[in-house]
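>>> Mind folding the following:
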Amino acid sequence: MTFETSLLSVTMMSNTTSGGGGVGVGGGTVIVTPPPPLLLLSRGGHTAVSVCLGSIMVLGFLNNLLVLVLFCRFRALRTPVNVLLLNISVSDLLVCVCGTTLSFASSLRAHWLYGRHGCMWYGFVNSCFGSTLRNR
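Next up is the predicted model:
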């Protein structure tokens, strides 16, 4: 017999060793299949998100790289407060390089690249490098 819910489709099949046609206690196998993926955005929506993420990625990378170059080039900028700002800038640069690129590419494809591992990597990178960005 089959039960359909909004989250899972559960199919119970009788075990061949139970000796009967019904599913008894301990006499059945439960197979859980995930629901079909929900498309929350259309193809145009994913393209719009990709354009936004791409511009954030490029502008964020260039601006933070500019901050890093200026800090290294001019000694007058090497003050304790600017070192803290440089820390935030380097963290944001790493988020742009490691996190936003994966999100951008995944949005172009309309699914996570590398599946579950790509999603976990994205969360790790943003948690690790983005922790200083939240404390501004």
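
>>> mind showing which ranges of the chain have poor pLDDT?
Along the chain, the model assigns pLDDT under 70 to residues 1-28, 37-39, 131-136.

>>> Now with 90, please.
Flagging of the chain using pLDDT under 90 yields the residue ranges 1-44, 46, 98-100, 102-103, 109-136.

>>> Would you verify that Cys96 is located in a strand?
No. The assignment for Cys96, made by DSSP: H, G, I helix; E, B strand; the rest coil, is helix rather than a strand.

>>> Do I have it right that it meets Gly60?
Yes. Using Cβ atoms under 8 Å, Cys96 is in contact with Gly60, at 4.2 Å. Quick note: C-beta positions are derived from backbone N, CA and C, even for glycine.

>>> Tell me the buried residues in the longest helix seen in the chain?
Longest helix in the chain, counting residues (DSSP state H): helix 43-73. Within helix 43-73, the residues that count as buried by 16 or more other Cβ atoms under 10 Å are His46, Val49, Ser50, Leu53, Gly54, Met57, Gly60, Phe61, Asn64, Val67, Phe71.

>>> just the residues you listed now: which is nearest Asn82?
Asn82 lies nearest to Phe71 out of the buried residues of helix 43-73, by Cβ to Cβ, at 6.6 Å.

>>> The protein: helices as residue ranges?
Using DSSP H, helices in the chain cover 43-73, 80-94, 101-109, 115-129, 131-134.
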